[in-house]
Each structure stands twice: as structure tokens, then as C-alpha cells.
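Novice: heads up, no residue letters with this:
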């Protein structure tokens, strides 16, 4: 998923953000939606466990029911946590800032915009997204490795007006 925010330049200061691009994996359900699924299935599992316990007059089903609910909760939390990972690219008049992380930035880079470029390498198959690498003279940072093809091409479209694009696979296929 890609979210682009544009801000008009109000003055000539070089630290004013002109564009912010937020890249995140596609999610079918938010954490709030996952919690609703967990509560619904927990109620169903509990109802079935109560019915089985009453019919057979045993308690042995309860640890297994609790384990099912715990395993489901842990699995959905892990997937939701992995899908909260995002890359934020901020472009201003003179700087390019990249932040990566879940919930808070875990990695951060800030470069001069004039020394930065985007390298887009075409994928092996037409359904895969091209690989995107932001680099300057010293470092390279892979961005959007979780994007689908349409979103990766949208990132190329946004950044091609701001910096040079090397190996522009977007124009090669047209």
C-alpha cells in the first residue's frame, strides 16, 4: 500500500517537506478487526467446549480449547505485527529522508537530494514488482520490497520528478 502526501512549498527554507511517501504491506484486516475475529472464535470454541464438557461430563477439553484460542491469538498478533512494518520517504527541497520500522523508526537515513538516485531493476516475471533501491555515493537502501507491481510503479512515478531514476524499467516496457 502506498500513501502520498504533498505539501506546497510556502517559503524558501530547505527543511520544509514537499512530499512524504509511506509504503506498507497490503493488509486484509487491521488489528482491531483481528481482535474481533479472535473474540468471535473464542466464543465459539468456548461454547463447543462447554457443550462437550456437559455431554461427556469431563473437563479434558478445556486445556485444548484454551490452547487453540492462545495459538490463534499469537498467530494473528504476529502477522499483524509483521504487516505494520513501513518505509517512509520524505523529500524536501534539498534533503531526502528514509525511515524504516514497525511502530517507530528502527533505521533512518538522511541524504542530500542532489546526490541521491533511485535504481529500479526489472523483475524476472511480469507479475512481480521491480526492485527499488535508493542510493547516494556512499550507501544503498532497499525500499518497498513488499510492494506489488502497481504500487512499485507508482513510487517510481512519484520519485522520477524529484531525482534521477537509473534502469527505469517503467519506461522500458512501454
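Specialist: Cool, the structure landed. Remember, predicted model here, so these are calculated numbers, not experimental data. Numbering: from 1, shown residues only.
Novice: Distance of residue 154 relative to residue 103?
Specialist: Noted for residue 154: a distance of 25 Å to residue 103, by C-beta to C-beta, to the nearest Å. Placement of C-beta: from N, CA and C, glycine included.
Novice: likewise residue 42?
Specialist: The gap separating residue 42 from residue 103 is 25 Å, by C-beta to C-beta.
Novice: for residue 157, same thing?
Specialist: Applying C-beta to C-beta, the value for residue 157 to residue 103 is 29 Å.
Novice: sorry, back to before: compare residue 154 and residue 103 (neighbour count), which wins?
Specialist: residue 154 (18 against 9; other C-beta atoms under 10 Å).
Novice: Hmm, the more buried one is touching residue 2, no?
Specialist: Yes. Here residue 154 lies in contact with residue 2, judged by C-beta atoms under 8 Å, at a distance of 5.4 Å.
Novice: end-to-end on stretch 126-141?
Specialist: Terminal residues of stretch 126-141 lie 24 Å apart, using C-alpha to C-alpha, to the nearest Å.
Novice: Can you give me every residue that contacts the residue minimising distance to the centre of the chain?
Specialist: Compute the mean C-alpha point of the chain, and by C-alpha atoms, centre = their mean the closest residue is residue 24, 2.0 Å away. The neighbours of residue 24, taking C-beta atoms under 8 Å, 6 or more residues apart in numbering as the test, are 1, 3, 83-87, 146.
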